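Asker: Here is the input, now give the coordinates:
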Amino acid sequence: MKTIFHKASERGHADHGWLNAHHSFSFASYNDPGKVHFGLLRVLNDDIVAPGMGFGMHPHDNMEIVTIPLSGTLEHKDSMGNIGVIKPNEIQAMSAGSGLMHSEYNHSKTEPINLLQIWVFPKEKNITPRYDQRVFTDEDKNGKFKTIVAPVKADDIMWINQDAYFSLGKFKAGSSVDYSIQHKGNGAYIFVIEGEAKIEGNSLQKRDAIGIWETDKFSIDVTSDAEILVIDVPMN
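Answerer: Prediction:
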């Protein structure tokens, strides 16, 4: 088993006024040669967007993009004609594929939004662009990991063009949970959204992360009520 520990306080940070962003990996003006990616996970941005502000229409191609709102509401528009608003307990997944344009704005004029935006390199390039959003309730995640994104097409999972699996769980202090890697050769990037947990001898607090690979499973001991995201992703 190999591990790499990323403290929340050591993430890249940029405050643009309308956007307060923390970058787990090199992004925009933040460049750390030791934090370019974790396997095929390329971006994990923790963004706070001011009321009524956002990212204007801009292009993407050949990237799998997953957006997880933590608080507030996000308005999405794209060149495929999709218009939607997503909020906590909803997940957005998009294959940029051969190319598309999209915009993302804080739908509220009075409250900020906090969201995670995650990019994964695709398995196949230049596929037809695709957009989806779905609801996952707290009941789905309480006391267990719920797989929300996977390379399978099913009613209760968001499809991704990669052998990657995203799982969310909400756990009470004192609980323990085992996680098994879902695809041979994958590693797992574990991001503590809220709370505290101990993973393979490392104590993680809010927004800390640990990457684990060259193992089939690992255990998480929850030391304070926690919400945890696991990104199970190919390492090469």
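Asker: isn't residue 173 right up against residue 225?
Answerer: Yes - with contact defined as Cβ atoms under 8 Å, residue 173 reaches residue 225; the gap is 5.3 Å. To be clear about C-beta, it is placed using only N, CA and C from the backbone, and glycine gets the same treatment.
Asker: Quickly list what's touching both of these two.
Answerer: Common contact partners of residue 173 and residue 225 (Cβ atoms under 8 Å, 6 or more residues apart in numbering): residue 195.
Asker: and residue 133, backbone torsions?
Answerer: With angles defined as degrees, to the nearest 10, residue 133 sits at phi -150, psi 140.
Asker: How about it: what's its closest non-neighbour residue?
Answerer: Closest residue to residue 133 apart from its sequence neighbours, by Cβ to Cβ, 6 or more residues apart in numbering: residue 92 at 4.6 Å.
Asker: partner residues bridging that neighbour?
Answerer: Assessed by DSSP bridges, residue 92 has beta-bridge partners residue 67, residue 133.
Asker: all helices for this structure, in order.
Answerer: Listed in chain order, the helices of the chain (DSSP state H) span 138-141.
Asker: If we ignore the residues flanking it in sequence, what's nearest the most centrally placed residue in it?
Answerer: With distances taken as Cα atoms, centre = their mean, residue 118 lies nearest the centre of the chain, 4.4 Å away. Nearest residue to residue 118, sequence neighbours excluded (Cβ to Cβ, 6+ apart): residue 66, at 4.6 Å.
Asker: same thing with residue 7?
Answerer: residue 208 (5.6 Å).
Asker: ok, that neighbour - contacts?
Answerer: Shown in contact with residue 208 (Cβ under 8 Å, 6+ apart): 5, 6, 7, 8, 191, 192.
Asker: Could you list every helix and strand in contact with the top strand by length along the chain?
Answerer: The residue-count maximum for a strand in the chain (DSSP state E) belongs to strand 217-234. Using 3 or more Cβ pairs under 8 Å, 6 or more residues apart in numbering; DSSP states H and E, the elements in contact with strand 217-234 are strand 41-49, strand 113-120, strand 165-171, strand 176-180, strand 186-199.
Asker: Kindly recompute the last result at 6 Å.
Answerer: Counting contacts by 3 or more Cβ pairs under 6 Å, 6 or more residues apart in numbering; DSSP states H and E, strand 217-234 packs against strand 165-171, strand 176-180, strand 186-199.
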